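1. Provide a 3D model corresponding to the input given below.
(chains A, B, C and D, ligands or ions: 4)
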Amino acid sequence: MAQKPRVAIFDFTGCEGCELNQLNFEDQLLDILAHVDIVEWREAMDDRAEEYDIAFVEGSLSTPDCIKRINEVRRKAKVLVALGACAVQGGINGVKNTHPIEEVREEVYGDDKYLFPTLPALPISAAVKVDYNVRGCPMTQIEFLKVFTALVMGKEPIEPTQSVCVECKLNENECVYSKGMICLGPVTRAGCNAHCTNVGQYCTGCRGLVPEPNLAGMREILVEHGLSVDEAWKRLQLYNANELEGLSL
Amino acid sequence: MVQFFLESDRIAEFVAHLKGHKPVFAPHLKGDKSYAFSLVEDPAGVVLDYNRTMHSVKKYFMPPREKLLTFDLTENSCEGGQVEPVNAIFLGVHSYDLAAVHRLDHNFAEGQAEKNYLTRRQGAVFIGVSYEPDQYHFSGSVGIDPQDTRGFDIFLTKLLDGYVLEVLTPEGEKLMQGLDLPAHETGKPARGHFQQHIYVPQTKLNTVMAAGYDNEIWEQTAKKCVGCGTCNVVCPTCYCFNVEENVDISATKGDRQRSWDGCMLRDFSAVAGGEVFREGLADRQRHRVFRKFKYLSDTTGKPWCVGCGRCTAYCTADISIVSIVNHLVADYEKTVVAPI
Amino acid sequence: MSMNLDINVKHLTRVEGHGNIVVNMKEGVLEKAELAIVEAPRYFEAMLKGRSFHEAAIITSRICGICSLGHQMCSLQATEAALGLEISKQTRLLRKLLTHGATLQSNVLHAYFLAAPDLLGVGSVFPLVGSHPDVVLRALRMKRLANDIGDVVSGRAVHPITPVPGGFTRIPTEKELLGLKTKLVEEMVPDFLATVETLKALAGAIPSFTRETEFISLRRDDEYALYDGDICSSDTGTIGIEEYRKMTNEFVVSHSTSKHCKANRSSYMVGALARWNNNHDKLNDAALNAAKELGLEPGCCNPYMNTIAQVVEAGYCALDSVAIIDELLSDGLKNEKANQEPTRFGTGVGSTEVPRGILYHEYTYDRQARIVKANCIIPTGQNLANIDDDMKKLVPEIIEESKEDITLKLEMLVRAYDPCISCSVHMLDVDFVE
Amino acid sequence: MTNQFSSDTAPIELKDLYLPVMAEITDIKKMTELETLYTVQLPDGAELGHKPGQFVEVSMFGIGEAPFSISSSPTQRGVFELGIRKVGMLTDVMSRYQVGHKLGIRGPFGNGIDVEKFKGKDVLIVAGGIGLVPMRSMINYVIDNRDDFGRLIICYGSRSDKELLFVDELKQWTDDPRIEYHVTVDHGSPEWTGKTGVITTLIPTLDLDLPNTVTCVCGPPVMYRFVLLALKSKGLPEGNIYMSLERRMKCGVGKCGHCQINHTYVCQDGPVYHYPDIKALQEAL
Ligand SMILES: Cc1cc2nc3c(=O)[nH]c(=O)nc-3n(C[C@H](O)[C@H](O)[C@H](O)COP(=O)(O)OP(=O)(O)OC[C@H]3O[C@@H](n4cnc5c(N)ncnc54)[C@H](O)[C@@H]3O)c2cc1C
Ligand code: SF4
Ligand code: SF4
Ligand code: SF4
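-> Ligands and ions are numbered 1, 2, ... in the order given. I've put the predicted structure just below:
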């Protein structure tokens, strides 16, 4: 490669845990830096750049200002990668979309609720074209490295489509259902190597739904295992409120 | 045939003795109620009385993830994956799982024989153990008895206070050398009863399936099935795989890996251009069941399902392969006029 | 420098979250000196409403990636208090170990990546990769190991997985804990000592500035309080965490999406410096020696020294983690199941020291163990009023310096607090004219 | 019963099915916007030794592996050709390769066309779109062994005249008096003077010696059903029809399971099927 790709990292509404996860590549950080020039990253440096080859974007869009900024990022970036559940699906921020907006504001502002404008929390793709996704909450490190190397090599990253169950079973984990818990693994997109079920916790669905999920089937499973229909729907919404918008069980 | 009595108290001693010959793999508790084969380190951890392990011993001959080759990108060159014979003792294998291994042997030896599987398969010695069928086992319906000793080198049949130990092959005899066990004279206990049955003789299954291609059961099942692929991954006779490239972060080297794949997964039959040859869950479910009871049996004469019940036991949507098959059987019988 | 000054630092870098510094001086009169918080609001309290007790910690952990463990610990405490779930000694020890790991990793991250560039006069850590590779590698090593504690004990350092109400979904193995211990002893301790040396050489660049301040932190009589304790004020002494509202008194200001707090004065400080001032008597020798080396003294009222207090704490955490592991192993690890059978449904408060200071969560549950009311008070929010007060005192003191220097000192001041802005904006939304 | 695998000493000497040999791209010809023809040479000038209709697995390390039909005739010695359409990750990377670049090759795989069955007969080739790539191997084989076969009739359909492949050869086929070449495009550009319409419109007008005509069909999945209907209503005996199918495949050697249609493996028993063998197979067509 003649010139190292220029990389910029941006954050919108989110916990910045995904960015932090990038700083957490203690073992690979220097290798990563060898391949690219980081030209803008507010959380770690002062510089601001005019254009870049790859923009990594964290967080969801939740104010009019966010929409303005993301359009600018898109204009300057050749490739735009959404990092983490907030950017890819709207993430946990989307839970606020499931409450009537009036109620949310009242809960937060009390009497001052009409003072402030607010938008639903939206994925980056709601405003601009996203080229690739790194899913997870926080973003899955192994997937970030895969997408990153793919981009450095000039090939398209592959987005997994199978369920977390596949990875979980490949690891021969005891199914958490058999321990009396529930789990969203059957309809959640793999790629995390079943991170949570590997350590005995249920999958909360942070990587988003598989393509064409059988939601009615999933509801049956959750209800069979003791959740009310309402609770089942809430659990599914935790990371997928935007995708489930307008649907019901 | 020589039969010995292995007292419960001496199992640890027996396992320790085996470990003196070769590495021993046996079922262990994994999690609260789940079992898995793993390398025996402490003989006390071995569980011989278990319902089923999540994976069969297939994982030792065809690992869930396996390097097919490694490559060097700067040189643009590659090297084949290194495979070694497992050369180990598999202790506590249920009869249906060994039957499944024999089916896989066919898959990997037939046509173009595959080096990886067949090399790993070398040196495997099997010590079977009888089991009490639970609410999911139905291997009786596909001709595999819980005390079926076919293919085993040694077989253990459970008694109240121990096991009848049968030595079945010269390899088995070799393993027993140096272990002094009392002879067993009184014969073997009756085998356990199955709670699950397919209501048609296995020879007729092909015909039943052929008649059931358009049965409504596929659509009915598809309403419940979420396409998670668990039933494929846990099946001891599923052998399909996917191949993926991994490149290391330096972008100079990497490997090509295969991993278990499953026909219940949407992308399994997707090709470039967006065509998915088995688009619906109903089509995929039918393909899975037909792979077990028709397609391969058409050529080999044997069902490819060994009745372990894993796909049903681990299905979160509570889909039972026996119920599907029996539904087809019932509908088939409605259409044929009983002989007078 | 004229007596007119107009500073507006937009989207301050090397802090977590989005904040602007606005300073206005006209004719020698300070009109404005404030840290404006412009991070988009997150509405966590509203999001928690109606959610199951299983989900509370999963959701609140997402308030902030850096403090995710602290939020989780605090959330679990609140849930357990509200539902009457007892936890075992082993659970508490494991949680303490996690808290130590998170404090260690965050303090190291802040000192090396966010604060050190200021002391060396560069814009980020990246130039240091070339100029001081050994220092960067050491920082990465320390961070890695601190994160390893999180990975091993909680499944993942950012947004931990295994801590659940009543316990853990998985208990680490003896082998894993021993592995951590070896690394702590063989790598972390020497690296910590080297860190103290490095910082000692840079300490001259720390501005000297003091302002009498009220310090609030947790306190315990038997140990240096991080995971839990009572609320302690340097002004008024100790009260139980249930009375946290008395010590926080949140109020709204127009320049911040985050609420401000006050206790006995117009503002108070929380964080490593507050913990040091309130609890230095509970630190171990490693930490006390480091404090001496770095010139940190009890009763220190220089907020810039917060970074030093963080480093001192890192030493405490490293060695105390070894002690915790020893205790866990000598007690023998038990494969305990989490205790998730509620014995009551009511209101509960949790409080933990996160790296940036004291954190409170309070939940009220209904009879289906679903949240009806939630309140979270975040350290950065508590510090905001104090930062504003510091700026108001600082600006006139340095007004003779160049605008660049003033700006830098203000930025350094804010960064010294290690503000965590994503955390702080859980509440408010203010329309900003940017 | 013995344990046939019990021996731990004598590992079986088997070929590593997954290890490619490195072959060099010696020529690249861009055919259309998306399709490119690559000429490939095995090390030491080794012959691939394929039959028309067979395919190879092409490896690009770090990128992946995919099946591609061999487009050249076995009569062409020393090198072979691949005609590749840019559709996804691998093919995109490949489209940026230069002459001299090395590819991993495994194969040839598949059964290929049993040319003996066509000898002495009239040969009808029906190719849609990229389906011409494998069929070209057969066409050129017939041309090079012209006297072994009867008439050579080619029906070729393409989406548009801009997407026609092998245009130089198409011209030769048009001009060759011993080839009956018919072509149609779905949507012609203003310059297009030939037929427009889908490929099936070519078939009714053909004048065929039905019992003596053997056909091979290859094209996109949707094409088969309609072409079959057209051929059957023309009266062509089913036993005279062969078709080359495409399925997802990962290994090429009958192991990975992806390409299975009922009991048959496209990579082993196909990709060229005798129609009577698969007409009863659900899901095949
Ligand atoms: C027997 C056979 C012969 C073929 N001959 C040709 C040919 O001559 N010229 C040509 O251009 N194409 C041919 N194809 C199709 C070609 O294999 C696909 O276009 C190619 O795999 C796409 O790879 P990609 O990485 O660019 O696309 P992506 O969509 O990115 O594919 C990713 C992966 O999916 C798999 N895959 C996707 N599509 C197919 C497919 N159609 N068949 C098998 N696997 C697939 C591959 O394993 C590939 O690595 C043939 C396919 C088969 C089965
Ligand atoms: S297991 Fe589920 S919740 Fe956990 S990381 Fe994977 S997708 Fe996310
Ligand atoms: S395990 Fe059950 S739900 Fe999952 S794919 Fe199989 S049948 Fe469907
Ligand atoms: S199909 Fe089901 S019961 Fe049959 S062998 Fe496979 S997992 Fe076992």
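2. tell me, how many neighbours does the residue of the stretch 201-340 of chain B found nearest ligand 2 end up with?
-> Closest contact between the stretch 201-340 of chain B and ligand 2, by CB to the nearest ligand atom, is at residue B:228 (12.6 Å). All C-beta atoms are positioned from the backbone trio N, CA, C, and that covers glycine. Using other CB atoms under 10 Å in any protein chain shown, residue B:228 has 32 neighbouring residues.
3. and residue C:330, how many neighbours does it have?
-> By other CB under 10 Å, neighbour count at residue C:330 equals 7.
4. residues in contact with the residue in chain D positioned nearest to chain C?
-> Of all residues in chain D, residue D:62 sits closest to chain C, at 26.5 Å by CB to the nearest CB. With contacts defined as CB atoms under 8 Å, 6 or more residues apart in numbering or on different chains, the neighbours of residue D:62 are A:153, A:155, B:71, B:73, B:245, B:247, B:251, B:254.
5. which of these lies closest to ligand 3?
-> residue B:245 (26.5 Å).
6. can you count the residues close to residue A:180?
-> That count, for residue A:180 with other CB under 10 Å as the rule, works out to 10.
7. actually residue D:118, not the one I typed
-> Neighbours around residue D:118, by other CB under 10 Å: 24.
8. ok, which stretches of the chain are helices?
-> Here I'm looking at chain A. A:17-23, A:29-35, A:64-76, A:84-89, A:101-109, A:141-153, A:164-170, A:195-198, A:215-224, A:229-244 (DSSP state H).
9. wrong one, chain B
-> Using DSSP H, helices in chain B cover B:11-19, B:58-61, B:95-109, B:115-121, B:170-176, B:205-211, B:217-224, B:230-234, B:281-290, B:296-300, B:310-313, B:321-335.
10. re earlier: pLDDT score for the residue of the stretch 201-340 of chain B closest to ligand 2?
-> At residue B:228, the pLDDT value in this model is 93.
11. Also residue C:290?
-> On the pLDDT scale, residue C:290 gets 94.
12. So it sits against residue C:196, correct?
-> Yes - counting by CB atoms under 8 Å, residue C:290 touches residue C:196, with 4.9 Å between them.
13. neighbour count winner among these two?
-> Shown here are residue C:290 and residue C:196; by other CB under 10 Å, residue C:290 has more neighbours (24 against 20).
14. Secondary structure element holding that one?
-> Secondary structure from DSSP states H and E places residue C:290 in helix C:285-294.
15. What is the distance between the next helix or strand after that helix and the centre of its chain?
-> Proceeding N to C from helix C:285-294, the next assigned helix or strand is helix C:306-331, under DSSP H and E. Distance of helix C:306-331 from its chain centroid, counting by CA atoms, centre = their mean, to the nearest Å, is 16 Å.
16. For the stretch 1-150 of chain B, which segments count as strands?
-> Taking DSSP state E, counting those that start in this stretch as the test, the strands found in the stretch 1-150 of chain B are B:2-7, B:24-30, B:34-39, B:65-72, B:77-80, B:89-93, B:125-129.
17. Quick one, which of these gets closest to ligand 3.
-> Closest among the strands of the stretch 1-150 of chain B, once you apply CB to the nearest ligand atom, is strand B:34-39, at 15.6 Å.
18. what comes up buried for that closest one?
-> B:34, B:35, B:36, B:37, B:38 (16 or more other CB atoms under 10 Å in any protein chain shown).
19. I'd say the fourth one and residue B:55 touch.
-> What that stands for is residue B:37. Yes - using CB under 8 Å, residue B:37 makes contact with residue B:55 at a distance of 6.9 Å.
20. Which residue lies nearest the spatial centre of chain A?
-> Centroid check for chain A by CA atoms, centre = their mean gives residue A:85 as the closest residue, at 1.2 Å.
21. Need the CA coordinates for stretch B:183-191. CSV is fine.
-> Written as CSV, here are the backbone C-alpha positions of stretch B:183-191 (Å, rounded to 0.1, in the frame of the first residue of the first chain):
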residue,chain,number,x,y,z
ALA,B,183,-14.9,-62.8,35.9
HIS,B,184,-18.6,-62.1,35.5
GLU,B,185,-20.8,-65.2,35.1
THR,B,186,-24.4,-64.3,35.5
GLY,B,187,-25.2,-62.7,32.2
LYS,B,188,-26.3,-59.2,31.4
PRO,B,189,-29.3,-57.3,32.7
ALA,B,190,-32.2,-56.5,30.3
ARG,B,191,-31.7,-53.4,28.3
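22. hmm, who's touching it?
-> By CB under 8 Å, 6+ apart, stretch B:183-191 touches B:2-5, B:130, B:145-147, B:157-159, B:164-165.
23. Spell out which helix or strand contains the closest residue to residue D:195 other than its chain neighbours, please.
-> Closest residue in space to residue D:195, ignoring its immediate chain neighbours: residue D:184 at 4.1 Å, by CB to CB, 6 or more residues apart in numbering or on different chains. Here residue D:184 sits within strand D:179-187, counting by DSSP H and E.
24. Does anything pack onto that strand? Which helices or strands?
-> strand D:152-160, helix D:167-175, strand D:195-196 (3 or more CB pairs under 8 Å, 6 or more residues apart in numbering or on different chains; DSSP states H and E).
25. ok, back up a step: check the burial of the residue nearest to residue D:195 by counting its neighbours.
-> 19.
26. Report the beta-bridge partners for it.
-> Taking DSSP bridges as the rule, residue D:184 bridges to residue D:157, residue D:195.
27. residues touching it, list them.
-> D:156, D:157, D:158, D:194, D:195, D:196, D:197, D:198, D:199, D:201, D:202.
28. Now residue C:195: phi and psi?
-> phi -60, psi -40 (degrees, to the nearest 10).
29. hmm, back to that, and residue D:124, which of the helices of chain B is closest to it?
-> helix B:296-300 (31.5 Å; CB to CB).
30. Show me the contact partners of that closest one.
-> By CB under 8 Å, 6+ apart, the list of residues contacting helix B:296-300 reads B:103, B:106, B:205, B:206, B:302, B:303, B:304, D:262, D:263.
31. what's the spacing between the fourth one and residue B:296?
-> Translated: residue B:206. In this view, residue B:206 and residue B:296 are 10 Å apart by CB to CB, to the nearest Å.
32. This completes my enquiry, with thanks.
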